[in-house]
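Student: pasted the sequence and its predicted model underneath.
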Amino acid sequence: MADTTTATPSIRGTRTEKNLANAYVAESTAYTRYIFFAKTAKKEMYYHFSNIFQETADNELHHAKIFLKYLTEGSVVTAPVGIDAGILKPTVECLKVAAEEEEREGVQEYTNSAEVAEEEGFHEIADHFRAIATIENRHKERFDLMRWQIENDKVWKRDEPIKWQCLVCGYIFEGVQPPEKCPACNHPYQHFKPADTNANV
């Protein structure tokens, strides 16, 4: 009986191989960038934004691992890497850089890379590129909203009452903005975040 299975083509020398290598470098760079941005946000007392940068950094690190695991056939020369200007503060500018990078390197590049992978017969890799592109788009939208909130004095203000949670002790407060200091642990309002994940960051 004939074997009807289709062997996975070699990735060596393909455009997909180079795209994977470029994506690995981009994600690794994004990881370190967001670690720096998290430190800036913490210094500026945007504590829950700092946590979001750290969470996003962790996402990017895992994306890098996914791409690296497909590079199994030797070393690859990547394309020249563009590095953003050394904008490490203030947080509002960090967010602008982050959103632009997510759009360019995440959404656009990975969508294009998925199409290339499909053309070259790497359907599983194409699926990963597409899935990660959706994550990067979510990152972009969140960074855009965070920046908007800083620019419009909405980080700790809402038009309708929501639940706020103290990052230090877990105290929950309901209102259009958190209390000046936590009734439970006395930490200032900057330590509060929206308790509901659907409350727009």
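Tutor: That came through fine. Note that the coordinates shown come from a computational prediction; the quantities given were computed from them, not determined experimentally. Numbering: from 1, shown residues only.
Student: switch to C-alpha atoms for all contacts and neighbour counts from now on
Tutor: Fine.
Student: helices of the chain, residue ranges please.
Tutor: Under the criterion DSSP state H, the chain contains helices at 15-43, 47-69, 91-101, 109-119, 123-151.
Student: show me what contacts the residue most central in space within the chain?
Tutor: Centroid-nearest residue in the chain: Thr56, 3.9 Å away (criterion: CA atoms, centre = their mean). By CA atoms under 8 Å, 6 or more residues apart in numbering, the residues touching Thr56 are Tyr31, Tyr34, His139.
Student: check Gln190 too.
Tutor: Gln190 is in contact with Met45, Tyr46, Tyr47, Trp156, counting by CA under 8 Å, 6+ apart.
Student: how close does the first one get to Gly13?
Tutor: In this structure, Met45 lies at 48 Å from Gly13, with CA to CA, to the nearest Å as the measure.
Student: for Gln165, same thing?
Tutor: If you go by CA to CA, the gap between Gln165 and Gly13 works out to 51 Å.
Student: coming back round to it: nearest to Ile87, of the contacts of Gln190?
Tutor: Tyr46 (17.1 Å; CA to CA).
Student: now that closest one, nearest residue through space, not along the chain?
Tutor: Gln190 (6.4 Å; CA to CA, 6 or more residues apart in numbering).
Student: low-confidence ranges in this structure?
Tutor: Counting by pLDDT under 70, the chain contains low-confidence residues at 1-7, 77, 79-86, 197-199.
Student: before we move on, the earlier item: compare Gln165 and Gly13 (neighbour count), which wins?
Tutor: Gln165 (21 against 10; other CA atoms under 10 Å).
Student: what's near enough to touch that one?
Tutor: Tyr171, Ile172, Phe173, Phe192, Lys193, Pro194, Ala195.
Student: in CSV: the residues you listed, plus neighbour count and distance to Lys89.
Tutor: CSV is the format used below for those (neighbours: other CA atoms under 10 Å; distance: CA to CA, whole Å):
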residue, neighbour count, distance to Lys89
Tyr171, 16, 30
Ile172, 18, 30
Phe173, 20, 30
Phe192, 30, 22
Lys193, 24, 21
Pro194, 25, 24
Ala195, 19, 27
